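S.K.: Build me a model:
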Amino acid sequence: MIGPIGCSLCDGLVFLFPNRHTVMYGKIIGAMTVTTFITISRGALADVVQGEALAIANSEMAIYSGVGIIVGPWIAARFLSDRATFGMAALFAVLNGAMLLLRFRETLPLSERKPVKWAACNPLTFTKCDSPTPPPLHSAG
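M.R.: The predicted model follows:
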């Protein structure tokens, strides 16, 4: 749900308060959150489909994404103002989130789930790269 929430909030803020800062930060945060949505979608797909069927399903997802990337801006430029474009993007993100809440089910069987290591989710862990005792890059032996 991070993807739809992040995109709806960021695009909604640009719609409500259109200025350079909301656009800049909204695009940065929106890009990060939409990436989580794509990653989770592909992971869920890999839980239920393998082999050639997975390749075909990933290709179909890529086609829909590509069409959206091409057609969406054309529609926005042709029929919407800049501000309305962000409003529509926020609306679609909310609809996407609602569909996820209502229709998406966990795909990984309970027996295969692992506990979340929250420290590993920290996006600032790269700052520890220059610590005096960095972790080994590979296991010895």
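S.K.: and G43, how many neighbours?
M.R.: Burial measure for G43: 11 neighbouring residues, criterion other Cβ atoms under 10 Å. C-beta: built from backbone N, CA, C; applies to glycine.
S.K.: element containing it, please.
M.R.: Of the helices and strands defined by DSSP states H and E, G43 is found in helix 20-48.
S.K.: pull the helix or strand with minimum mean pLDDT from this structure.
M.R.: When each helix and strand of the chain is scored by mean pLDDT, DSSP states H and E, helix 20-48 comes last, with a mean of 85.
S.K.: Who are the packing partners of that one?
M.R.: Counting contacts by 3 or more Cβ pairs under 8 Å, 6 or more residues apart in numbering; DSSP states H and E, the secondary-structure elements packed against helix 20-48 are helix 2-16, helix 51-79.
S.K.: tell me which residues in the helix or strand just after the longest one are buried?
M.R.: Yep, that's helix 51-79 we're talking about. The element immediately downstream of helix 51-79 (helix or strand, assigned by DSSP H and E) is helix 82-103. By neighbour count, with 16 or more other Cβ atoms under 10 Å as the criterion, the buried positions of helix 82-103 are 85-90, 92-94, 96-97.
S.K.: What is helix 82-103 packed up against?
M.R.: Helices and strands touching helix 82-103, by 3+ Cβ pairs under 8 Å, 6+ apart, are helix 2-16, helix 51-79.
S.K.: would TSV of those with mean pLDDT, mean neighbour count and distance to N122 be doable?
M.R.: Formatted as TSV, the helices and strands packed on helix 82-103 follow (pLDDT from 0 to 100; neighbours: other Cβ atoms under 10 Å; distance: least, Cβ to Cβ, whole Å):
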stretch	mean pLDDT	mean neighbour count	distance to N122
helix 2-16	88	20	15
helix 51-79	90	11	28
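S.K.: These: which one's closest to E112?
M.R.: helix 51-79 (16.8 Å; Cβ to Cβ).
S.K.: Roughly how far does Y25 sit from G3?
M.R.: As defined by Cβ to Cβ, to the nearest Å, Y25 lies at a distance of 17 Å from G3.
S.K.: re earlier: buried residues, the least confident helix or strand of the chain. List them.
M.R.: For helix 20-48, using 16+ other Cβ under 10 Å, the buried residues are 22-23, 26, 30, 33-34, 37, 40-41, 45.
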